[in-house]
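[1] Would you be able to build a 3D model of this:
(chains A and B)
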Protein chains: 2
Amino acid sequence: MHIAILTFDAFNELDSLIALGILNRIKTPGWQVSIASPTPKVKSMNGLTIERHINLSEACEADAVIVGSGMKTREIVADQQIMQQLKLDPSRQLIAAQCSGTLVLAKLGLLNDIPACTDLTTTPWVKEAGINVLNQALYAKGNIATAGGCIASQYLATWVIAKSQGIEAAKDAIHYVAPVGEKELYVDLMIKNIASYL
Amino acid sequence: MHIAILTFDAFNELDSLIALGILNRIKTPGWQVSIASPTPKVKSMNGLTIERHINLSEACEADAVIVGSGMKTREIVADQQIMQQLKLDPSRQLIAAQCSGTLVLAKLGLLNDIPACTDLTTTPWVKEAGINVLNQALYAKGNIATAGGCIASQYLATWVIAKSQGIEAAKDAIHYVAPVGEKELYVDLMIKNIASYL
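    As a prediction, the model looks like this:
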C-alpha cells in the first residue's frame, strides 16, 4: 500500500505532516508513505523547506492520494501544467483532501454531487466551485474523503488506515500519537469522525 | 520573540512540526520560529528531510527553546559535542520539551525537583535519570514545561504562546488549527491542559 501526500509550494505543515506521521505508525510490509511535489524541494507557508520523495506522476500511481493544503492552492488549481498531471481515479485509489486540498478535488471534478469539508478560509472558493460545504471535520463517500481544520488531518489519515487496514489499526495509530492522559478521548473522537464512512 | 525548536536526526515530525505550525499562527512583529539542528539538513524517523533555519548555538540565544523528540534521543544525550552546545537558562528563556526531548532536559540538569511529562516509550529512561514522570499531557513549573504524546505538542506550543502573548492569543491559535465542528472542544482541552501553568 503506497500513500502519496501531495504537497505544494507554501504548504501547510500541519496538513501534510500530521498525516505523514500518523500514517507511518503502520508497520505492515509494503506500507509506504511519500511526500509528492512538483519540484524536488518545496517550502512551506512558514518557511520550512522539505525534500519530496516522489513527483506528481508517481503519486498518481499510488494506492491512496491525500491532497494537502497551503497558501497557494488557488494558483495551483489555475496551473494547467500541474492540474493535467493529477490523474486520480477513485475506482482504484483512496482519494482524500485536507482543507484547501478540497478545492483541488473540486476542480478535478471528483466531488460532483458529493458534499465536502474544508477550512473556513477555503469555504467560499469551494462553494463557488459548486460544492456543498459541510460544517464538520470529515466527510467521505466511497473512496473519497475530505477534511477541514488543520488538526482534522489526524482523522483523514486514520480514515485511510481504517479503509485499508481496518478500524483496530486506526485506533492503535491514534492511541500512540495522542496526548498522555487523553488517549481514550482521542480514540473516541477519531471513531466519532470516521466510523460512519468505512 | 524568537522560538527555536531543537530537531535532531531521526526526529518525530509531529513533535517538531505541529509546534512549528501552531507557533506561526502568531503574526506579531518580531515573532520568529526556527528549526534548530546540529547539521544543515536532518532526516526524520520516517525519512522526511528538512533544512534547518539555525544551528544549536543560535538556538541557545532564543527567547524560547522547545526540545523536539525522535528515535535517537538516547544517542544525543550521550553525545558530548551536542550536549555541551546546549546552554539553556530558564531565568532568561522559556524552555519546553516534547516526549523524548524531556530526557535532554533531564540530562542537562534542568528538571531537578521538577516532575515531568514524556511519552510512554521514554518514560523508563526519564525515570532512570531520577525524574518523577507524570501520567498527563503537560506539566510546567515557572519557565520550564514538558509534554507527552505527539499531539500534546499543540499544548506545548500554546503554553509558549500563552506565557509570552497571553491566553487569548493561545485560544485564537488553537481555534484556527482545530478541526471544523470541534473548535470549542479543542480550545477547552487546551485551556484544561495549560491554564494552571501560566
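
[2] Thought residue A:170 was touching residue A:162, still the case?
    Yes - here residue A:162 reaches residue A:170: they are 4.0 Å apart, a contact under Cβ atoms under 8 Å. (Glycine included, C-beta is placed from N, CA and C.)

[3] Would you mind listing the residues touching both of these two?
    residue A:194 (Cβ atoms under 8 Å, 6 or more residues apart in numbering or on different chains).

[4] between those two, who's got more neighbours?
    Set residue A:162 next to residue A:170 and count neighbours by other Cβ atoms under 10 Å in any protein chain shown: residue A:170 wins out with 28 against 22.

[5] Which helix or strand contains the more buried one?
    Assigning secondary structure by DSSP states H and E places residue A:170 in helix A:167-177.

[6] So which other helices or strands are in contact with that helix?
    Helix A:167-177 sits against helix A:13-23, helix A:153-165, helix A:183-194, with contacts defined as 3 or more Cβ pairs under 8 Å, 6 or more residues apart in numbering or on different chains; DSSP states H and E.

[7] Just name the most buried of these.
    helix A:13-23 (a mean of 29; mean count of other Cβ atoms under 10 Å in any protein chain shown).

[8] That one - contacts with which helices or strands?
    strand A:2-6, strand A:32-36, strand A:94-98, helix A:153-165, helix A:167-177, helix B:13-23.

[9] Now render the ones you listed as CSV, adding mean pLDDT.
    Below are these laid out as CSV (pLDDT from 0 to 100):
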stretch, mean pLDDT
strand A:2-6, 98
strand A:32-36, 98
strand A:94-98, 98
helix A:153-165, 98
helix A:167-177, 98
helix B:13-23, 98
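
[10] out of these, which comes closest to residue B:190?
    helix B:13-23 (9.9 Å; Cβ to Cβ).

[11] what's the angle from that closest one to strand B:94-98?
    For helix B:13-23 against strand B:94-98, the angle by axes from the mean of the first three to the mean of the last three Cα atoms, to 10 degrees is 140 degrees.

[12] which residues make contact with helix B:13-23 from outside it?
    A:12-14, A:17-18, A:20-22, A:46, A:48, A:150, A:177, B:3, B:5, B:7, B:33, B:35, B:44-46, B:48, B:66, B:68-70, B:98-99, B:101, B:150-151, B:153-154, B:156-158, B:160-161, B:173-174, B:177.

[13] what are the bridge partners for residue A:34, then?
    residue A:4 (DSSP bridges).

[14] Next, count neighbours for it.
    Residue A:34, neighbours per other Cβ under 10 Å, totals 21.

[15] Tell me who's in contact with it.
    Neighbours of residue A:34 in contact, by Cβ under 8 Å, 6+ apart: A:2-5, A:52-54, A:58-59, A:62.

[16] Could you do residue A:125 as well?
    A:74, A:100, A:103.

[17] OK, contacts around the closest residue to residue A:28 other than its chain neighbours?
    In space, and not counting its chain neighbours, residue A:28 is closest to residue A:165: 6.8 Å by Cβ to Cβ, 6 or more residues apart in numbering or on different chains. Contact analysis of residue A:165 by Cβ under 8 Å, 6+ apart lists A:1, A:26, A:28.

[18] Double-check the first one against residue A:64; I have them as touching.
    Yes - taking Cβ under 8 Å as the definition, residue A:1 is a contact partner of residue A:64 at 7.1 Å.

[19] Great, nothing more from me.
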